[in-house]
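Colleague: need a 3D model of the following:
(one chain, ligands or ions: 1)
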Amino acid sequence: MSEKIKNFHQSSIDSTDEFWAEQAKLIHWNSSFEQVLDYSNPPFAKWFVQGKTNLCFNAIDRHLDERSDQAAIVYVSTETNAEESISYKELFQRVNSFSSLLSSCGVSKGDRVLIYMPMIPEAVYAMLACVRIGAVHSVVFGGFASASLAQRVDDCSPKVMVTADAGLRGGRVIPYKGLVDEALTLSTTPPANVILVNRGLVSDIPWTSGRDVDYNQVIGTHEDARVGVEWLESNEPSYILYTSGTTGKPKGIQRDTGGYAVALAASMNHIYDARAGDTIFTTSDIGWVVGHSYIVYAPLIMGMTTVLYEGLPTTPDPGVWWSLVEKYNVNVMFSSPTAIRVLKKQDLKYIEKYDLSDLRHLFLAGEPLDESTHSWISDAIEKPVHDHFWQTETGWPVLTPMPGVESTQIKYGSPSFPAYGYNLKVLRESDASEADDNEKGLVSIVPPLPPGCMSTVWGDDERFVSTYFSAFESTMVYSTFDWGIRDEDGYHFILGRTDDVINVAGHRLGTREIEEAIQVHANVAEVAVVGVQDAVKGQMPVAFVVRKKLSELSEIQQNEIEKKEIMKQVDQSLGAIARPRNVYFVSMLPKTRSGKMLRRSIQAITEGRDPGDLTTLEDLSAIEEIIKVTSK
Ligand code: AMP
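Modeller: Take a look at the predicted model:
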């Protein structure tokens, strides 16, 4: 680690108040804060106490004098062939209209609004419109199925829901409204109104009069509306974003307002090396944290142009992303290892064809970046490619190179160094002492968590403490639930999760959630789901099922039928993203004598590795069966 990076990081830890007070100047405060940090109630950290600000004002209004004609959003859909540039002035008008529409539905400060949308500009208007009036948005990824959606509706009781007629994927129309209606039937706290943006993709949209509002029909009446911003105390919530954990019930990650705005603005300077007027292209989806932070809020807060892209990375051809980099003079790009692995299979000519001279950096996150993919993309685009590590919980990078501070050598396989603000330690599992260089330990953060990180679990402070701060009895530290090591040069390496969470194409799924979905099938007695390595997606779920009874069909026929049914069951409960790559039928699952499932052994066998220590196993034949079915 260079002296400069080391000192920069150290100053953020030693002089926390001074460091963050300086970063806080990057945003607009309607009234200044009285205290930088209030940490009187650990592990709850309050940042910029009594300061009043607003995310929407920082993202739009404050740029109007200087950048009203600059593109705020460049929208490109290779699904509908739409291409539209939306200036800051236009964004201001559209967001004001949307805020006015929400207010007309009775939404006001503190109310929740659930957004279930494809990648269209209206999704971004909806998010900004919420925070403008102090409403708390909860964006749910458009690929989630009705049961998952219902669970999220029940957890946050939204007053209004915003959706569209359909999403599109590879030319396939995925109708949303029927699914939304089904979720609302399942829900115990359905919203009073559902605002629907009709893209004209579905011929007959199911409609509930009195509840459903046709956006296209009503938005005109709000066209000239100007809605004043609601100034929020810095620690008031801006949004909730659900993420998976070890239990079946997703956690609502609650974000504050002022700390988040400051953290994002600072990260644009120090990490992404970006400035006002630059263009960023983040290839994620607004349903994920990367989309919240680096498609929507950070670029707009910084007065940049953000590219909002709907479509696959390979359509109409695998050069599409690079063509956008050329056309829109993209300076910073942010994507995922899975996407790059997809592109790696294609001819290099799709990259070489385009002029990437404006591009300064490509950042990748969300899952481990393997060395071969890292070196391939670095050579292909001849630009620095930065692996960086973070989580839904943190909202911005935890381990990262900081080219905005200083360019440092890239080590393949490593997301480099702890970001400023994070007092990160690799701790021994046995006693919470610090691991030596190159010794595996739990990647932990000594609290307080810096600005921008989650403030609590929505509606459940106790769960925040018990989930994240209880890894050790002797000391209260935040657990990332990742194993890692730090080498002698201060570079960190992530070695995988410590819990039963798997990472499919950069998306986090709890194996418990998938097991619960499969358990619903009438003939499933017991099930174990593990994540196994996948050449493109990083990991994929695989299910092992013990069934209740055999049918009169041959075993092969029954397997085929039930495998399909189980996959459909997962599609319906969680969405296709969680569909197992394979379902194996066994007569028993390997467990210890105390009844604990030996998931690591099942996973190892499925990946063709040694199952490890089996001394606690109750019945060896269960392992033999797993070996037999997976080697077929
Ligand atoms: P999510 O909250 O869905 O972004 O998932 C966060 C998890 O993804 C982390 O706890 C890691 O397990 C994994 N992850 C994210 N970024 C990286 C990275 N750069 N390298 C390795 N794992 C990562």
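Colleague: now do the helices in the stretch 101-250 of the chain.
Modeller: 121-132, 146-156, 177-186, 215-218 (DSSP state H, counting those that start in this stretch).
Colleague: could you dump those helices to CSV with mean neighbour count and mean pLDDT?
Modeller: All C-beta atoms are positioned from the backbone trio N, CA, C, and that covers glycine. CSV is the format used below for the helices of the stretch 101-250 of the chain (neighbours: other C-beta atoms under 10 Å; pLDDT from 0 to 100):
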stretch, mean neighbour count, mean pLDDT
helix 121-132, 27, 98
helix 146-156, 22, 93
helix 177-186, 19, 96
helix 215-218, 14, 98
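Colleague: show me the helices in the stretch 451-600 of the chain, by range?
Modeller: With DSSP H, counting those that start in this stretch as the criterion, the stretch 451-600 of the chain has helices spanning 461-468, 511-519, 555-573, 599-606.
Colleague: still on that earlier bit, closest one to the ligand among the helices of the stretch 101-250 of the chain?
Modeller: With C-beta to the nearest ligand atom as the measure, helix 146-156 is the member of the helices of the stretch 101-250 of the chain nearest the ligand (14.8 Å).
Colleague: packing partners for that closest one?
Modeller: If you count contacts as 3 or more C-beta pairs under 8 Å, 6 or more residues apart in numbering; DSSP states H and E, helix 146-156 packs onto strand 112-116, strand 136-139, helix 177-186, strand 239-243, strand 251-255, helix 555-573.
Colleague: looking at the helices of the stretch 451-600 of the chain, spot the one closest to the ligand.
Modeller: Smallest distance to the ligand across the helices of the stretch 451-600 of the chain (C-beta to the nearest ligand atom): 11.6 Å, for helix 461-468.
Colleague: now for that closest one, which elements pack on it?
Modeller: Judged by 3+ C-beta pairs under 8 Å, 6+ apart, the packing partners of helix 461-468 are strand 456-457.
Colleague: the strand it packs on vs the ligand: in contact?
Modeller: No: Strand 456-457 lies out of reach of the ligand by C-beta under 6 Å from any ligand atom, never closer than 13.8 Å.
Colleague: circling back to that earlier point, mind checking the helices and strands packed on helix 146-156 for the one nearest to I623?
Modeller: helix 555-573 (20.3 Å; C-beta to C-beta).
Colleague: tell me who's in contact with W231.
Modeller: For W231, the contact set (C-beta atoms under 8 Å, 6 or more residues apart in numbering) comprises N30, S31, K52, T53, N54.
Colleague: just the buried ones from those residues?
Modeller: Burial by neighbour count, 16 or more other C-beta atoms under 10 Å: within the contacts of W231 this picks out K52, T53, N54.
Colleague: now stretch 465-479: mean pLDDT?
Modeller: For stretch 465-479, mean pLDDT rounds to 96.
Colleague: wait, R255 sits on S238?
Modeller: Yes: under the criterion of C-beta atoms under 8 Å, R255 makes contact with S238 at 5.2 Å.
Colleague: near the ligand, which residues of the stretch 201-350 of the chain? Just list them.
Modeller: The stretch 201-350 of the chain comes close to the ligand at residues T243, V289, as judged by C-beta under 6 Å from any ligand atom.
Colleague: which part of the stretch 201-350 of the chain gets nearest to the ligand, residue-wise?
Modeller: Closest point on the stretch 201-350 of the chain to the ligand, by C-beta to the nearest ligand atom, is T243, at 5.3 Å.
Colleague: any chance of the helices of the stretch 101-250 of the chain in a markdown table, with distance to K109 too?
Modeller: As requested, the helices of the stretch 101-250 of the chain are exported to a markdown table (distance: least, C-beta to C-beta, whole Å):
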| stretch | distance to K109 |
| --- | --- |
| helix 121-132 | 10 |
| helix 146-156 | 15 |
| helix 177-186 | 24 |
| helix 215-218 | 22 |
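Colleague: of the ones you listed, which is nearest W483?
Modeller: helix 146-156 (28.0 Å).
Colleague: now find how far off-centre the closest one is within its chain.
Modeller: 17 Å (C-alpha atoms, centre = their mean, to the nearest Å).
Colleague: that helix versus helix 555-573: what angle between them?
Modeller: Using axes from the mean of the first three to the mean of the last three C-alpha atoms, to 10 degrees, the direction of helix 146-156 lies 30 degrees away from that of helix 555-573.
Colleague: kindly export helix 146-156 (C-alpha atoms) in PDB.
Modeller: The C-alpha trace of helix 146-156 is given here as PDB (Å, rounded to 0.1, in the frame of the first residue of the first chain):
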ATOM      1  CA  SER A 146     -45.100 -12.700  -6.500                       C
ATOM      2  CA  ALA A 147     -44.400 -14.400  -3.200                       C
ATOM      3  CA  SER A 148     -41.100 -12.500  -2.700                       C
ATOM      4  CA  LEU A 149     -42.800  -9.300  -3.600                       C
ATOM      5  CA  ALA A 150     -45.700 -10.000  -1.100                       C
ATOM      6  CA  GLN A 151     -43.100 -10.600   1.600                       C
ATOM      7  CA  ARG A 152     -41.500  -7.200   0.900                       C
ATOM      8  CA  VAL A 153     -44.900  -5.500   0.800                       C
ATOM      9  CA  ASP A 154     -45.800  -6.900   4.100                       C
ATOM     10  CA  ASP A 155     -42.600  -5.900   5.700                       C
ATOM     11  CA  CYS A 156     -42.700  -2.200   4.800                       C
END
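Colleague: taking strand 112-116 as reference, get the angle to it.
Modeller: Using the same axes, to 10 degrees, helix 146-156 lies at 160 degrees relative to strand 112-116.
Colleague: what's in contact with helix 146-156?
Modeller: By C-beta under 8 Å, 6+ apart, the list of residues contacting helix 146-156 reads 112, 114, 116, 136, 138, 140, 144, 161, 179-180, 182-184, 186-191, 240, 242, 249-250, 252, 458-459, 517, 572-575.
Colleague: just the buried residues of those residues.
Modeller: For the contacts of helix 146-156, a neighbour count by 16+ other C-beta under 10 Å gives the buried set as 112, 114, 116, 136, 138, 140, 144, 161, 179-180, 182-184, 187, 190-191, 240, 242, 249-250, 252, 458, 517, 572-575.
Colleague: so which bits of this structure are right by the ligand?
Modeller: Residues of the chain lying near the ligand (C-beta under 6 Å from any ligand atom): 243, 289, 365-369, 387-392, 415, 480-482, 494, 497, 503, 508.
Colleague: what's the closest non-adjacent residue to D165?
Modeller: V202 (4.5 Å; C-beta to C-beta, 6 or more residues apart in numbering).
Colleague: correct me, but the one you found touches K177?
Modeller: Yes: using C-beta under 8 Å, V202 makes contact with K177 at a distance of 7.1 Å.
Colleague: now do the shared contacts for these two.
Modeller: Contacts common to V202 and K177, judged by C-beta under 8 Å, 6+ apart, are D165, A166.
Colleague: mind giving me the domain ranges of the protein?
Modeller: Listed domain ranges for the chain are 55-64+91-230, 505-630 (source: automatic domain parsing).
Colleague: now the last one: mean pLDDT?
Modeller: When pLDDT is averaged along domain 505-630, the result is 90.
Colleague: how long is that domain end to end?
Modeller: End-to-end span of domain 505-630 (C-alpha to C-alpha, to the nearest Å): 23 Å.
Colleague: now do stretch 107-125
Modeller: Note: stretch 107-125 ends 15 Å apart using C-alpha to C-alpha.
Colleague: also stretch 347-358?
Modeller: 22 Å.
Colleague: number of residues surrounding F472?
Modeller: 18 (other C-beta atoms under 10 Å).
Colleague: residue contacts, it?
Modeller: L427, D431, A432.
Colleague: and the residues you listed, which of them are buried?
Modeller: Using 16+ other C-beta under 10 Å, the buried ones in the contacts of F472 are L427, A432.
Colleague: mind listing which of the contacts of F472 are in strands?
Modeller: Taking DSSP state E, the ones among the contacts of F472 that sit in strands are L427.
Colleague: ok, so of the contacts of F472, who is nearest G531?
Modeller: L427 (24.1 Å).
Colleague: can you pull the pLDDT of the closest one?
Modeller: On the pLDDT scale, L427 gets 98.
Colleague: need the winner for burial among the domains of the chain.
Modeller: Highest mean neighbour count of the domains of the chain: domain 55-64+91-230, a mean of 20 (counted as mean count of other C-beta atoms under 10 Å).
Colleague: great, nothing more from me.
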